[in-house]
Every structure is written in structure tokens, then in C-alpha cells.
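Q: Any chance you can model this:
(one chain, ligands or ions: 1)
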Amino acid sequence: MQDFTNKLAVITGGASGVGRSLAFALGAEGARVLIADVDQAALSSTVADLAEQGIEAHSQVCDVTSADSVNQLAAKAYDELGGAHLIFANAGVAAGEAGPIWGYADNDWKWCFDVNFWGVVNTINAFMPRLVTQEAEDGAEAHIMITGSGNGAFLVYPDQPVYSATKAAVQAVTEALYQQMQAAGSKVKVHALFPGPHVVETGIFDSDRVRPEHFAKAADAPDSGIRNADDLRELMESYGAELHTTHPDEVAQTALQGIRDGQFWVVEWNDQTRDKVETRMQSILNKTNPVPAVLG
Ligand SMILES: NC(=O)c1ccc[n+]([C@@H]2O[C@H](COP(=O)([O-])OP(=O)(O)OC[C@H]3O[C@@H](n4cnc5c(N)ncnc54)[C@H](O)[C@@H]3O)[C@@H](O)[C@H]2O)c1
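A: Residues are numbered from 1 along each chain as shown. The predicted structure follows:
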């Protein structure tokens with residue numbers, strides 16, 4: 001797809017960070033946007049900011065961990081707003097795990113899998129049947145872009161196994177969906193988005209702001225204590241590494257270019273990450289033992 005004018009884009013996790021930047025970037029290219037999020041206040045202010053830019057913006061409170069909630073979002077897109085040709089399964093959280101794996105709070109695993117993994121599955125289940133039906137009716141190209149992470153898809157960091165495990169699972173599902181749609185000769189294109197090339201300065205470090213009560217973590221459970229990029233910067237400096245960051249607007253431009261170029265792997269590499277991925281692949285192919293990856 002080269003022209004986004006008047007296309008409806010649905011973005012989960014659209015009230016902050018990468019999702020919010022996607023809404024502005026798409027709107028600037030003439031798309032209409034439907035942003036969905038659990039954070040009602042951020043959703044309202046984002047819609048107001050989009051409208052101020054002259055962008056047609058709709059919103060719906062939606063919890064991607066609930067199949068019903070995502071189905072209601074899809075119903076709004078297809079029954080009320082005339083159908084969507086751009087879907088971004090983007091909502092995600094980080095649970096703040098820390099220390100040895102066996103000490104993590106169960107709720108870190110459960111919450112992170114519920115949002116990052118089941119959120120993607122629920123979005124696929126709600127939107128793919130509608131995208132396929134729509135294609136049969138209008139013959140037009142459509143796109144579903146799933147936000148994964150190099151942290152899990154390409155690399156395993158020793159200190160974030162919960163997050164990495166969710167994103168490894170997301171990668172498997174995304175790639176299988178791509179292959180299924182390719183095999184079917186479908187005009188519904190599947191893309192895997194990897195925000196970067198550096199750590200993206202978003203609200204992800206403070207995901208606990210939208211953590212529901214039923215996944216609350218006990219006050220004495222292990223926690224990384226990292227609540228923003230500055231906390232991470234301090235930690236990295238303590239082991240002699242430097243934190244480089246990327247603005248989410250840059251990720252949104254990478255995402256739109258990936259759609260225009262028909263790419264599956266929508267990723268901007270930096271040299272260090274590329275080297276680490278190459279090292280890991282060589283370790284697998286040559287059966288040498290893993291070299292621990294560190295951020296930076
Ligand atoms: N920030 C990075 O460096 C980075 C790197 C790689 C991948 N990612 C991925 O990018 C995506 C966007 O995250 P971000 O960095 O913009 O963080 P963010 O916290 O700024 O945005 C995530 C949004 O998802 C929403 N959300 C959380 N739980 C939800 C739920 N149950 N239902 C619906 N919405 C929910 C939040 O309210 C928030 O608005 C995530 O999938 C994340 O894993 C981020």
C-alpha cells in the first residue's frame with residue numbers, strides 16, 4: 001500500500017509511545033485512526049491532540065487481554081466505521097522482573113503473557129476473519145502489523161526472560177501468520193515491527209501504571225525498579241555501557257515505510273545489535289555455547 005488516504009487504521013496501545021506516534025504519522029498521511037487502549041485518560045487526550053492536527057480520530061477503551069473487548073473494537077471498525085485496511089497489534093507491557101527466574105512473581109508471567117501474547121492472538125482472531133472477508137468483497141490490499149521486539153525475537157537478555165519469552169512467542173505466531181497468508185496468495189499482508197534501532201523512549205518502563213489489580217505484584221516481589229529511560233541509563237552506566245534512545249516518531253516512520261515496501265521484517269538495525277544477533281546465530285549454527293547479550 002502506497003497511499004494511506006482515507007484508510008482506517010486501528011491501533012491497539014494507541015494512547016502512548018509507539019502506538020500514539022503511529023496514529024500521528026498515519027493521520028499526517030491522510031488516514032483515519034481508531035485508537036484503542038486500557039488507559040482512558042491517555043486515550044482521550046491523544047484523540048484531542050490528533051483532532052487538533054485535523055486528523056479524523058476515533059477511540060475505544062479496549063483491553064487486548066479480553067477476546068470480547070477486542071471483538072467489540074473490530075465491530076466498531078467494520079460495522080460503524082466502514083472497515084479497516086490497516087491493523088496494528090501493538091499494545092504491550094514490561095513486568096519489571098528482576099533476579100533469578102525461579103523467584104519471579106507469577107503475576108509478572110501471567111500479566112505479561114496476557115497482554116503481549118494473548119493480546120496479539122485476540123487481535124488476530126478478531127481482525128483476520130474480517131480482513132479476509134473484506135478482501136473478498138473489495139479486492140483491496142490490507143495490512144496487519146504486529147509489534148514484536150528484538151528482545152525475544154532475535155536475542156535473549158538474561159535479565160528480562162518474562163518479556164523475552166512473550167516476544168519470542170509473538171514472533172512465532174507473526175511469522176506463521178505471514179506464511180499462511182503468503183501460501184493463500186492473500187492481499188492481507190503481515191508485518192513484524194521491531195521498534196528501534198535503540199531503546200525507544202516510551203511509557204513501557206512504567207507499564208505498572210496500567211497494571212490491573214488482578215495481576216498486582218506483592219510489594220516484596222522482585223522488581224527491577226526501572227521506571228523510565230533515566231533509570232535504565234543509570235543502570236547501564238554502572239556496568240560501563242551507554243544508553244542510546246530512539247524517539248517513537250522515528251519508529252512510526254519505519255513502520256509506514258515497511259508497509260510501503262512490503263517488508264515482513266520491519267526493523268532498523270544498529271551495529272551493536274546486529275553484531276549480537278550474528279553472534280547468536282553463529283553460536284546456534286556452530287553449536288558453541290551462548291554469549292550473554294547485554295543492553296548497549
Ligand atoms: N519501547 C521500546 O524500546 C520497545 C522496544 C521493542 C518493542 N516494544 C513494543 O512496542 C509496543 C508499544 O509499547 P511502547 O514502548 O510504546 O510502550 P507504552 O507504554 O508507551 O505504550 C503501550 C500502550 O499499551 C497500552 N496497554 C497496556 N496494556 C493494555 C491492554 N491490556 N489492552 C490495551 N492496551 C494496553 C498502554 O496503556 C500503553 O498506552 C509494545 O508491544 C512493546 O513491547 C517497545
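
Q: who in the stretch 151-296 of the chain is up against the ligand?
A: With C-beta under 6 Å from any ligand atom as the criterion, the stretch 151-296 of the chain meets the ligand at residues 195, 199-200, 202-204, 207, 210, 248. C-beta: built from backbone N, CA, C; applies to glycine.

Q: For my notes, please list the residues you listed in a markdown table and give neighbour count and pLDDT for each entry.
A: Listed next are those as a markdown table, based on neighbours: other C-beta atoms under 10 Å; pLDDT from 0 to 100:
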| residue | neighbour count | pLDDT |
| --- | --- | --- |
| 195 | 29 | 98 |
| 199 | 20 | 95 |
| 200 | 20 | 97 |
| 202 | 24 | 97 |
| 203 | 21 | 97 |
| 204 | 21 | 97 |
| 207 | 20 | 97 |
| 210 | 18 | 98 |
| 248 | 21 | 98 |
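
Q: So the closest residue to the ligand within the stretch 51-200 of the chain: helix, strand or coil?
A: Using C-beta to the nearest ligand atom, the closest approach of the stretch 51-200 of the chain to the ligand is made by residue 92 at 2.2 Å. Applying DSSP: H, G, I helix; E, B strand; the rest coil to residue 92 yields a three-state assignment of coil.

Q: who touches it in this structure?
A: Applying C-beta atoms under 8 Å, 6 or more residues apart in numbering, we find residue 92 in contact with 13, 115-116, 119, 147, 149, 204.

Q: per-residue confidence for the nearest residue to residue 169 once chain neighbours are set aside?
A: Spatially, and ignoring its direct neighbours in sequence, residue 169 is nearest to residue 117 (4.9 Å; C-beta to C-beta, 6 or more residues apart in numbering). Per-residue confidence at residue 117 stands at 98 (pLDDT).

Q: What segments of the chain are helices?
A: Secondary structure of the chain (DSSP state H): helices located at 17-28, 40-52, 67-75, 106-112, 118-138, 150-153, 161-183, 229-238, 248-260, 271-286.

Q: The ones you listed: lowest mean pLDDT?
A: Across the helices of the chain, helix 229-238 has the smallest mean pLDDT, namely a mean of 91.
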